[in-house]
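K.L.:
Have a look at this prediction, sequence included:
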Amino acid sequence: MAKKRTRRAGPSSTHRSEPIESTSQDDPTRNSVYSHTKRHRWLTTFFIILPAISILIYRQSYYAATTVIDADKTYVYQRGLVKTDLTYREVLNENSRVSENISRRNFGNPVLAYITPWNSKGYDLAKKFRSKITHLSPVWYELKNEGSKLILHGRHNADRGWISDIRTKGSALILPRVVLEATPVELLKKKRLREKAINLIIKECKKMEYDGIVLESWSRWVAYGILHNSDLRNMALQFIKQLGEAMHAVRLEGNDKKNLQLVYVIGPPRTDKLQEHDFGPEELQALYDAVDGFSLMTYDHSSPYNPGPNAPLKWIRSTLHFLVGAGSKGRRSAEKIFVGINFYGNDFVLSGGLGGGPIISHEYLSVLEQHKPVIQWEENSAEHFFLYSDNKHVQHAVFYPTLMSLAMRLEEALSWGAGISIWEVGQGLEYFFDIL
Ligand SMILES: *[C@@H]1O[C@H](CO)[C@@H](O)[C@H](O)[C@H]1NC(C)=O
């Protein structure tokens with residue numbers, strides 16, 4: 001068990017940092033001059049003008065914004081920590097304190113939590129706070145080609161001891177993530193291979209007594225460039241439907257009401273105009289009945305080439321609006337969406353060249369300790385950030401979630417009737433769980 005839980009320094013685990021997913025619009029080599037100018041302009045406006053204004057505005061309105069989720073109940077609310085005018089000292093003092101009763105849920109909608117084999121903290125936190133989690137997705141499997149054969153890799157990651165701990169004292173469904181790495185054209189065109197893929201997944205679920213899987217394939221199909229072809233695009237949707245239907249037809253032993261579940265990973269559109277390869281409202285409707293949920297990756301809006309907030313609230317809102325529309329029909333569709341929430345942050349380099357990248361809890365805390373920064377609230381994105389100079393006098397900007405930024409995203413999800421999906425629980429601070 002210890003062997004496969006070796007720690008890795010940074011979260012090379014965020015979906016977008018997996019190599020295959022970089023798209024042309026954030027490819028730095030394509031238009032570096034443009035990005036540089038744009039970046040420069042952004043830095044000037046963002047870090048000099050906006051914070052001053054937004055803090056003034058926000059000071060007047062934040063009390064109204066903090067009252068929604070059981071405000072007088074959990075520890076972090078009682079201590080008044082869910083607020084915009086946060087200090088580094090408060091974060092350092094309080095980040096591991098939570099309510100006495102850690103079983104009580106404060107966020108009533110589904111909570112899907114991702115866990116990665118390279119961050120053991122995720123396993124521990126998921127176990128401790130399992131009552132607050134409805135769906136657990138350990139990142140364990142890949143479906144690959146080996147010669148002409150299809151192979152499901154990843155059983156060696158599965159931690160049976162941990163699974164049985166979760167099972168004995170909790171009710172969270174265990175849905176390991178499976179990434180479809182197999183060459184798509186062949187897979188989608190050949191009935192034999194499609195059936196084989198579905199059988200491999202179902203057999204593994206039965207053998208390991210999983211409740212289903214979280215499937216990630218759209219990003220891979222985008223990378224292979226197959227979604228521009230409308231025939232292949234239809235075959236891709238058909239394949240997911242076929243998988244969902246096959247999984248739903250499997251009754252789990254010991255409980256004749258339950259069947260295997262399929263949650264499908266989708267990304268937000270990256271530009272204002274819908275691209276051919278984007279997963280849009282039509283795809284959502286096409287798959288709606290065949291899947292049990294959509295894990296929507298609403299994070300990584302910024303990057304070292306375009307530093308800024310990780311997941312601006314307005315962008316999350318507009319993504320939901322785009323996918324399900326407005327009104328009561330939209331609200332009904334949003335019930336199957338797990339709105340993505342990042343538990344990691346970014347430490348961007350602002351001077352002397354591009355750089356920086358994701359940071360996780362212990363890195364964040366150590367920067368707070370060392371630099372004692374002034375944490376600022378940025379109203380427009382509804383995220384906290386701070387600036388600091390390292391010992392080589394290089395300027396950095398750090399965006400990392402806070403109780404306030406999380407609370408506002410939970411409210412947003414609730415207002416849509418949606419759940420949330422957290423990437424990745426081991427990268428967050430312990431007191432984040434107090435508002436879940
Ligand atoms: C903790 O909260 C749960 C859920 O609300 C409740 O059932 C349980 O009785 C509480 N435990 C204690 C010790 O108060």
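P.N.:
The structure has been received and is ready for your questions. Residues are numbered from 1 along each chain as shown.

K.L.:
Quick check: residues of the stretch 1-150 of the chain near the ligand?
P.N.:
101, 103-104 (Cβ under 6 Å from any ligand atom). The C-beta positions use only the backbone N, C-alpha and C, and glycine is treated the same way.

K.L.:
Would you check that Val178 makes contact with Tyr210?
P.N.:
No - using Cβ atoms under 8 Å, Val178 is not in contact with Tyr210; the gap is 10.1 Å.

K.L.:
What is the neighbour count of Glu253?
P.N.:
Counted with other Cβ atoms under 10 Å, residues neighbouring Glu253 total 9.

K.L.:
try the one 5 residues further on
P.N.:
Using other Cβ under 10 Å, the number of residues around Lys258 comes to 14.

K.L.:
ok, now the one 4 residues further on?
P.N.:
When counting by other Cβ under 10 Å, one arrives at 25 neighbours for Leu262.

K.L.:
helix, strand or coil for it?
P.N.:
The three-state label given to Leu262 by DSSP: H, G, I helix; E, B strand; the rest coil is strand.

K.L.:
longest strand of this protein?
P.N.:
For the chain, the strand with the greatest residue count under DSSP state E is strand 135-146.

K.L.:
Counting by contacts, list what that strand packs against.
P.N.:
Secondary-structure packing of strand 135-146 (3 or more Cβ pairs under 8 Å, 6 or more residues apart in numbering; DSSP states H and E): strand 111-115, strand 149-153, strand 173-174, strand 177-180, helix 191-208.

K.L.:
can you do 7 Å?
P.N.:
Identification of packing neighbours for strand 135-146 by 3 or more Cβ pairs under 7 Å, 6 or more residues apart in numbering; DSSP states H and E yields strand 111-115, strand 149-153, strand 177-180.

K.L.:
so how far is it from its chain's centroid?
P.N.:
Distance of strand 135-146 from the chain centroid (Cα atoms, centre = their mean, to the nearest Å) equals 16 Å.

K.L.:
and the angle from that strand to strand 111-115?
P.N.:
If you take axes from the mean of the first three to the mean of the last three Cα atoms, to 10 degrees, strand 135-146 sits at 50 degrees to strand 111-115.

K.L.:
partners of strand 135-146 in the sheet?
P.N.:
Here strand 135-146 is paired, per DSSP bridges, with strand 111-115 (parallel), strand 149-153 (antiparallel), strand 173-174 (parallel), strand 177-180 (parallel).

K.L.:
Following the chain onward from the last one, which element is next?
P.N.:
Downstream of strand 177-180, the next assigned helix or strand under DSSP states H and E is helix 184-189.

K.L.:
Ok, the second one next?
P.N.:
Next in sequence after strand 149-153, counting helices and strands by DSSP H and E, comes helix 160-169.

K.L.:
Looking at strand pairing, list the partners for the nearest residue to Val374 once chain neighbours are set aside.
P.N.:
Residue nearest to Val374 in three dimensions, not counting chain neighbours: Phe386, with 6.1 Å by Cβ to Cβ, 6 or more residues apart in numbering. Here Phe386 sits in beta bridges with Val398, going by DSSP bridges.

K.L.:
quick one, what contacts Phe386?
P.N.:
For Phe386, the contacting residues are 373-376, 398, by Cβ atoms under 7 Å, 6 or more residues apart in numbering.

K.L.:
which stretches of the stretch 201-350 of the chain form strands?
P.N.:
Secondary structure of the stretch 201-350 of the chain (DSSP state E, counting those that start in this stretch): strands located at 212-216, 261-266, 293-296, 337-342, 345-349.

K.L.:
which one of the ones you listed lies closest to Leu143?
P.N.:
Closest approach to Leu143 among the strands of the stretch 201-350 of the chain is made by strand 212-216 (9.0 Å; Cβ to Cβ).

K.L.:
Kindly provide the whole-number mean pLDDT of that closest one.
P.N.:
The average pLDDT for strand 212-216 rounds to 98.

K.L.:
ditto for stretch 420-430
P.N.:
For stretch 420-430, mean pLDDT is 98.

K.L.:
mind listing what's buried in that stretch?
P.N.:
420-430 (16 or more other Cβ atoms under 10 Å).

K.L.:
And the pLDDT at the closest residue to Lys206 other than its chain neighbours?
P.N.:
With sequence-adjacent residues excluded and distances taken as Cβ to Cβ, 6+ apart, Lys206 is closest to Val250, at 7.2 Å. On the pLDDT scale, Val250 is placed at 95.

K.L.:
chain center to stretch 288-300: distance?
P.N.:
Distance, stretch centre to chain centre, for stretch 288-300: 11 Å (Cα atoms, centre = their mean).

K.L.:
returning to what we had before: nearest to the ligand, out of the buried residues of stretch 420-430: which one, please.
P.N.:
Glu430 (17.7 Å; Cβ to the nearest ligand atom).
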